[in-house]
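> fold the stuff below for me.
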Amino acid sequence: MVGSSFGGGYLHTTRSHGDAAASQKYIPPHKATRLRQKKEEVAKANTGSKSKVATSIINDTIVHDDGGTSETKVKPHRDSVESESSYNPLCATSSLLSGQLEDASDETSPSSVRRGGCADPNVILGSITDDIFIPPEASILDKKAQLQPYGGIGGGFFTYMRCAQVEDGNDTGSRTFLSGLKWEVGASSECGVKDSNEDSYVVINNLDDMISSNGLTSFAEQDVGQTKQQGLFAIFDGHAGNQAARFSAEKFPVMLMEEQSALASRDSAILSSIEDMTLEVLSNAFDRLDREFCSLCTRDGREWDSGSTALAALVVDDVVTLANLGDCRGVVCRVVSSGIAETSNTEWQELDPKDEEDMLRDRANGAFSSGERLYWREVTETHSPLLPEEEERIKAANGWIILDTDRLGHKSDPARSIQIARTCGDLAVSRAIGDRDFKAAYNLPTQTVIEQRKEIAMSWDGPSVFIYPEGHSGRFKGDLVSSVPDVKFFKIGQEGVVDEFLIMACDGLWDVMDADDAVRIAKNLLFDKKLSAKDGAERLAELATCRGSSDNITVILIRFYWEEIDDKK
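Sure, this is the predicted structure:
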């Protein structure tokens, strides 16, 4: 930091990076310090004993002190396996949902769970909690790993009498019919220019079935306010390692199901709406996820520094609840008939056709009828340290903020740059799972009752690996990084809505693509080219890489639609 000084709880230093830096991996200062200290310890311990084998296992290769290497297949910890001949890699998965993994690649099965990115069971074995992954390097997912996109369908159990416009020759009228709400989902995770993929995602198209198959109680089985269908979609964007993202992909669905079962098993009449119920279970699940991961980070010899942003969408009947931590973003788009005045809501923006030729082509392709318009709006808020309420909390905790400017330097947009605000000169977000160095409960004496998760008013000593501004006391008060998500809602299938889709993505997409661009591209892929949601998600991720994204890119694209049901059967 050049010319930086601490005063009033706020530090403002601007650093500018050249084009070459755009593709370099950013290592947080506190992690760089730890890595340097660890390297010095290993070097000191190995002095004079060149035959000693280093303890780091990276990409299944044991690295010797003399510089030589030998290829060694690394297998998950398997104390319960009796013999080498009886070993089955699929049995190594220790997740509670492991019994469902055999169906994960079956895109026609809505009752399966699909984990992708660095948590994809097709490229990794076991759970991140297994002993084999205690060394931070052991969980690195090699850049060469073949990550396949996912596509699936869900829903159809929530029905509604819908009114639609129909054309009969020159006459136009309306017809009312029973229809079921369904969705088509696509998901893709790209490593991009980075050395490894630290993103993960989860898709569960039939959460009710998953809950009941694990002996739990879902909203569909509760005494009051029974629901008809549920789906879960989540992205976890890891940093400083993939441990937090992998842990989240494995454990968040389990915690969400358990929290839902606990709520559904009680008298839930006090919760008057789906929104109330989903708010409670998502908030509780994220709270547990953060507590359990932070506690795991230093257990049994672990020295994990990682964290993860998160975006989860829980679909219950026709209500979508989005819970967001960090800089993942969600954008919803609707094709609306002329009779609906969506422009009256200032949150919605109309996507105007580029020109008259585009409009004529849309109609010729059957994408839109005359009078229909496309509207979009962001349904999440990015948790940047410069967001007023986030900045206020960080400053109140005696933290500081540094501003960076990254120029992407890609030929498609050479002038494009992004401003990055870093909490304590380190994290580019102010809310996340993990990042224990930034949270009060994990830097206080062990007798502190962490489980209560109350606001901790007492001050705590910051980690020695922080690079403190001149004059800083080295003490903080409260959390520098929060694990409390923002939760928002929207309903699917409002009157006059003809079609709609939701784009969920990590910052690797949004760094190089504005929301309206993403909506225009997704609309073109889904409606003009009539591609599947799976292909649409993959194309969006690939396009972000081509536009110069310097991060991993993970995209979930969900197209909601209504399918007519023959009520005479």
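
> C-alpha from now on. contacts and neighbour counts both.
Noted.

> which residues in this structure form helices?
Assigned by DSSP state H, the helices in the chain fall at 29-46, 207-213, 243-265, 274-296, 356-364, 388-396, 507-510, 515-523, 533-546.

> Ile420 and Asp511, how far apart?
Ile420 sits 10 Å away from Asp511, going by CA to CA, to the nearest Å.

> do me a favour and get the end-to-end distance for stretch 264-273?
13 Å.

> quick one: average pLDDT of that stretch?
Throughout stretch 264-273, pLDDT has a mean value of 72.

> same check on stretch 206-222?
91.

> in that stretch, what's buried?
206-211, 216-222 (16 or more other CA atoms under 10 Å).

> try stretch 121-135
For stretch 121-135, by 16+ other CA under 10 Å, it's 121-122, 124-135.

> kindly check the end-to-end length of that stretch for me.
Start-to-end, stretch 121-135 (CA to CA) is 20 Å.

> quick check: mean pLDDT of that stretch?
Averaged over stretch 121-135, pLDDT sits at 94.

> so that it lines up with my notes, have the first residue be 20 from now on.
Yes, from this point I'll number from 20; that puts the last item at stretch 140-154.

> which ones are touching Phe312?
If a contact means CA atoms under 8 Å, 6 or more residues apart in numbering, then Phe312 has 263, 266, 452-453 as its contacts.

> tabulate the residues you listed (TSV), appending neighbour count.
Putting the contacts of Phe312 into TSV (neighbours: other CA atoms under 10 Å) gives the following:
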residue	neighbour count
Ala263	33
Phe266	23
Ile452	31
Gly453	32
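
> tell me the one among those residues nearest to Gly173.
Ranked by distance to Gly173 (CA to CA), those are led by Phe266 at 25.0 Å.

> ok, the closest one - contacts?
Contacts of Phe266 (CA under 8 Å, 6+ apart): 146-148, 312.

> distance of it relative to Ser292?
31 Å.

> likewise Thr236?
Counting by CA to CA - Thr236 and Ser292 are separated by 18 Å.

> just Ile575 next, same as before
27 Å.

> the two: who's more crowded?
Ile575 (31 against 11; other CA atoms under 10 Å).

> give me the pLDDT for the more buried one.
Reading off the model, Ile575 has pLDDT 98.

> please tell me I have it right and it contacts Ala524.
Yes: using CA atoms under 8 Å as the test, Ile575 is close enough to Ala524 to be in contact (6.3 Å).

> shared neighbours, the two?
Common contacts of Ile575 and Ala524, defined by CA under 8 Å, 6+ apart, comprise Ile254.

> thinking again about what came up before, between the contacts of Phe312, which is closest to Leu463?
For these, the nearest to Leu463 is Gly453 (15.7 Å; CA to CA).

> what sits closest to that closest one if chain neighbours are left out?
Gly326 (4.3 Å; CA to CA, 6 or more residues apart in numbering).

> do the same with Ser237
Closest to Ser237 by CA to CA, 6+ apart is Ser280, at 5.5 Å.

> burial count for Asp480?
Asp480 has 13 nearby residues by other CA under 10 Å.

> would you agree it is in contact with Phe495?
Yes: using CA under 8 Å, Asp480 is in contact with Phe495, at 6.5 Å.

> average pLDDT across stretch 527-541?
95.

> repeat for stretch 462-472
Per-residue pLDDT values across stretch 462-472 average out to 53.

> and for stretch 410-417?
94.

> so where is the stretch 420-569 of the chain shaky, pLDDT-wise?
Residue ranges of the stretch 420-569 of the chain with pLDDT under 70: 425-437, 464-477.

> ok, Arg441 - contacts?
So Arg441 contacts 404, 420-423, 447-448 (CA under 8 Å, 6+ apart).

> shaky segments in the stretch 20-169 of the chain?
For the stretch 20-169 of the chain (pLDDT under 70), the answer is 20-130.

> change it to 50
Along the stretch 20-169 of the chain, the model assigns pLDDT under 50 to residues 20-44, 67-124.

> coming back round to it: show me the contacts of Arg441 that map onto strands.
Using DSSP state E, 420-423 are the members of the contacts of Arg441 that sit in strands.

> which of those residues lies closest to Arg566?
Asp423 (20.4 Å).

> count the residues that sit near the closest one.
Residues lying near Asp423 (other CA under 10 Å) number 19.

> same question, Ile572
What Ile572 shows, counting by other CA under 10 Å, is a neighbour count of 32.

> please name the nearest non-neighbouring residue to it.
That would be Gly527: by CA to CA, 6+ apart, it lies 4.6 Å from Ile572.

> now do the one you found against Ala560, distance only.
Applying CA to CA to Gly527 and Ala560 gives a distance of 9 Å.

> need the overlap of contacts for those two.
Shared contacts of Gly527 and Ala560, counting by CA under 8 Å, 6+ apart, come down to 572-573.

> export the contacts of Phe312 as CSV, with columns for distance to Asp306.
Formatted as CSV, the contacts of Phe312 follow (distance: CA to CA, whole Å):
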residue, distance to Asp306
Ala263, 14
Phe266, 14
Ile452, 9
Gly453, 11
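
> what's the closest of these to Phe508?
Ile452 (21.5 Å).

> doesn't Pro504 make contact with the closest one?
No: using CA under 8 Å, Ile452 is not in contact with Pro504, being 9.8 Å away.

> how many neighbours does the closest residue to Asn303 other than its chain neighbours have?
Leaving aside its chain neighbours, Asn303 sits nearest to Glu278 (6.9 Å; criterion: CA to CA, 6+ apart). Other residues lying near Glu278 total 23 when counted by other CA under 10 Å.

> ditto for the one 4 residues further on
Other residues near Leu282 number 19, with proximity taken as other CA under 10 Å.

> contacts only, for it.
296, 300.

> gap between it and Ala239?
In terms of CA to CA, Leu282 sits 12 Å off from Ala239.

> surely the residue nearest to Ser237 meets Thr236?
Yes: assessed by CA under 8 Å, Ser280 is found in contact with Thr236 at 4.4 Å.

> quick one: common contacting residues for those two?
By CA under 8 Å, 6+ apart, the residues touching both Ser280 and Thr236 are Ile230.

> count the neighbours of Thr424 for me.
The burial count for Thr424: 15, using other CA under 10 Å.

> is it true that it touches Ala447?
No: using CA under 8 Å, Thr424 makes no contact with Ala447, being 11.6 Å away.

> who touches both of these two?
Ile439.

> what are the boundaries of the strands in the stretch 370-519 of the chain?
392-397, 420-426, 436-442, 452-453, 478-480, 494-496, 505-510, 516-524 (DSSP state E, counting those that start in this stretch).

> not counting sequence-adjacent ones, nearest residue to Arg134?
Per CA to CA, 6+ apart, closest to Arg134 is Val221, 4.6 Å.

> pairing partners for the one you found in the sheet, please.
Arg134, Ala253 (DSSP bridges).

> got the contact list for it?
132-135, 251-254, 268.

> now, which of the contacts of Arg441 sits nearest Gly174?
For the contacts of Arg441, the nearest to Gly174 is Val448 (34.0 Å; CA to CA).
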